[in-house]
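> 3D model of this:
(2 chains)
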2 protein chains.
Amino acid sequence: MAAQIPAEALQLRSLVRADQTLELSLDTVPVPEPGPNEVLIRIEATPVNPSDLGLLLAGADVTTAASAGTPDRPVVTARIPDAAMRGLTARVGVPMPVGNEGAGTVVAAGASDAAQRLLGRRVAAAGGAMYAQYRAVDTAFCLELPPDATAADGASSFVNPMTALGMIETMRMETHTALVHTAAASNLGQMLNRLCQEDEIPLVNIVRKPEQEELLRAAGAAFVCDSSKPEFMDELTAALTQTGATLGFDATGGGNLASQILSCMEAAANATASGYSRYGSTVHKQVYIYGSLDTSPTVLTRNYGLAWGIGGWLLTPFLGKIGLDGLNRLRERVAAELTTTFASTYAAEVSLHGALALDTLTAYAQRATGQKYLIRPDLDD
Amino acid sequence: MAAQIPAEALQLRSLVRADQTLELSLDTVPVPEPGPNEVLIRIEATPVNPSDLGLLLAGADVTTAASAGTPDRPVVTARIPDAAMRGLTARVGVPMPVGNEGAGTVVAAGASDAAQRLLGRRVAAAGGAMYAQYRAVDTAFCLELPPDATAADGASSFVNPMTALGMIETMRMETHTALVHTAAASNLGQMLNRLCQEDEIPLVNIVRKPEQEELLRAAGAAFVCDSSKPEFMDELTAALTQTGATLGFDATGGGNLASQILSCMEAAANATASGYSRYGSTVHKQVYIYGSLDTSPTVLTRNYGLAWGIGGWLLTPFLGKIGLDGLNRLRERVAAELTTTFASTYAAEVSLHGALALDTLTAYAQRATGQKYLIRPDLDD
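Got it, this is the predicted structure:
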């Protein structure tokens, strides 16, 4: 290893204590030697995705968060409610590294050609434990960035791009021809909006605020429905009738939005049907819940016959379904369109220490659209 | 046609009026001539299934039911709530015949060999409009009953038997190995219990009352969980751990039962897993809602990761999936085990007039387990 690589470096860890307390800390861990087909990445940018927050915060009540430790070694504690604690027994007492994806510079490499070829290059990577100064990753999980791309450009090149592409692939695999997406002004939503325009797939964007509708319309979205408007259900039904969308991806999860989508899909199906169908329309209507921005229960009114489904959707099993060839096909597209179709924007950049500041933690814990944080482990405090 | 067949006969009809009133009546309709491949059945037994009540009652509030008409031609009216009315626009002003299935004697037949062969025989049939004294049915929808079977024995030989068999077929098609069933003491539930014992499929029966648990245990059920008991969730988790059931069929639909089943399936999956899985267990957990005994919204707590699905299940599209060969295979089994595995029991028998008596209507509208009615259109009043 080169002389400038330290023996130890910082890693952010999330610990669930038996006393029902979440403890977030910066720990010093040994910098790993890369294995034969691994590279050691100095992480320079890693996003705080909604999909990271479950592992990071463990369902803790962030309004109870308190700071302890020292400026050098900050520790944040917060109370975990009973309901959240039930699902956490398997991780009690085990400090867990966090961070699904990130990007940085390869500072050491194993002996394999694939690893050596990446030495000195800037790469994006997925695989967890990215909220750290250094991370060893198998080259199979690395994506070499174009020469003009920054680490920030590449930081979110896996979770959101693969999820957006996964929605389109799922649509095709399950023989739908158009999509509905909620929380549609998110980084992921904007990405999906660009992708669907490129691929000429009708997309119904559901947002919660007028300014989010404006943002998407300015980005060329043909169908945007604001759920805060009284005419939401009518507008959604009209958009579904026009697009024929019978598949939705819902990031909110809780409340009645998924059920509203199914109700409006049913109304759209019946608008073009002839005569009374006693069990509802025969067209299959599906909503996949892929996030939980609203953690309250999902409420289904079931006024849409019996040809409907709701289920969880997760990236990993989807990638398993399409196999390595499918994954590589999607990754090539991401690499080619990294700073255009798949571009992300961030509300703020923080260091690892900054990520544990209470005001910052409270901000990203809200999962608010337009409030995405980028952690820069290479920044000094 | 033989001399004893009248030119006109009674048919029960359900009408949704534009003034938001349900009107049930007995009307005189022409007795049809059977087509070349049809038989004319004198209906002698036809059950009131939960699946008939949607069409019959149109979501009307039966507490507002009132009698009108004459003793010969009874008319019942009831108020339809706003919420139910929204889905009924396509049937306003169209009197609809009711009754999914029934059995009786073939009193006339078309010219085809298949039709002529059934003349004078007792048959069961499906296809709707069975709440009537006569019904012409294509021979393809007829099942000849064994010589010792009564019309009552054959009346329920389609909906419940095909649904029970459909659950098992669905389980196999979707690669599950055991089943969960709710409202398990119903006629259908008892049938499924016998079928699963014959086929050695582990079945977790969920009931709502101690006497229902007793009934199923007496019928040899190994796993019965009473949702009215405080230890329900623990007992259900234990049964799911033992059976490995990851597919449920829920007749209730509303409330949190489907969600409880998924929660306990997740707990069962985690009981045998090693280590913490941040997105929940990877085993797919599925519940199909095939009835709506509880018409309140379905409430999903989503504390079971992302590998889950809920959806509607309906017999007709399932039969479409398995095709004519599949249907015939299932029908042969039903015919062979009609009075054993597929036997039904009824709380009461009523005439067509009796079916419109207010106390009777109120009773079957409750969809209570053990309160199934059989209509005997051949009975005089």
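
> A:E332: neighbouring residues, count only.
Number of residues near A:E332 (other CB atoms under 10 Å in any protein chain shown) recorded here: 11. Where you see a C-beta, it was placed from the backbone N, CA and C, and this is true even at glycine.

> brain fart, A:P147
Counted with other CB under 10 Å, A:P147 comes out at 7.

> try the one 5 residues further on
Using other CB under 10 Å, A:A152 is surrounded by 18 other residues.

> That one - nearest residue in space that isn't next to it in sequence?
A:A45 (4.6 Å; CB to CB, 6 or more residues apart in numbering or on different chains).

> unless I'm mixing things up, that neighbour is touching A:A149, no?
No - in this structure, A:A45 is not within contact of A:A149 by CB atoms under 8 Å, at 10.7 Å.

> Quick check: bridge partners of the residue nearest to A:A152?
Assessed by DSSP bridges, A:A45 has beta-bridge partners A:A103.

> Let me see the contact set for A:L330.
The contact partners of A:L330, by CB atoms under 8 Å, 6 or more residues apart in numbering or on different chains, come to A:161-162, A:165-166, A:169, A:322.

> any idea how far it lies from A:L179?
17 Å (CB to CB, to the nearest Å).

> give me the number of residues near A:E337?
Look at A:E337: counted by other CB under 10 Å, it has 16 neighbours.

> same check, this time on A:L352
By other CB under 10 Å, 23 other residues sit near A:L352.

> Skip the chain neighbours and tell me the closest residue to it.
Nearest non-adjacent residue to A:L352, counting by CB to CB, 6+ apart: A:P377, 5.1 Å away.

> And the least confident helix or strand in chain A by mean pLDDT, what's buried?
Lowest by mean pLDDT, DSSP states H and E among the helices and strands of chain A is helix A:82-85, with a mean of 84. Neighbour counts over helix A:82-85 (16 or more other CB atoms under 10 Å in any protein chain shown) mark A:84-85 as buried.

> just to revisit the earlier point, and chain B, which of the contacts of A:L330 contact it?
Residues of the contacts of A:L330 in contact with chain B (CB under 8 Å from any CB of the partner chain): none.

> top of these by neighbour count?
Using other CB under 10 Å as the neighbour test, the contacts of A:L330 are led by A:P161, with 28 neighbours.

> can I assume that residue sits in a helix?
Yes - the assignment for A:P161, made by DSSP: H, G, I helix; E, B strand; the rest coil, places it in a helix.

> so it makes contact with A:R194?
No - with contact defined as CB under 8 Å, A:P161 does not reach A:R194; the gap is 10.8 Å.

> hey, what's in contact with both of those two?
By CB under 8 Å, 6+ apart, no residue touches both A:P161 and A:R194.

> Mind giving me the packing neighbours of the least confident helix or strand of chain A?
The helices and strands touching helix A:82-85, judged by 3 or more CB pairs under 8 Å, 6 or more residues apart in numbering or on different chains; DSSP states H and E, number zero.

> pLDDT score assigned to A:K372?
Note for A:K372: predicted pLDDT of 91.

> For burial, what's the neighbour tally of it?
For A:K372, the count of nearby residues is 22 (other CB under 10 Å).

> Tell me who's in contact with it.
Going by CB under 8 Å, 6+ apart, A:K372 touches A:47-49, A:187, A:344-347, A:364.

> before we move on, the earlier item: burial count for the residue nearest to A:A152?
26.

> what separates the closest residue to A:M265 other than its chain neighbours from A:L262, distance-wise?
Distances taken as CB to CB, 6+ apart place A:K285 nearest to A:M265, at 4.3 Å, with adjacent residues excluded. Distance, A:K285 to A:L262, using CB to CB: 5 Å.
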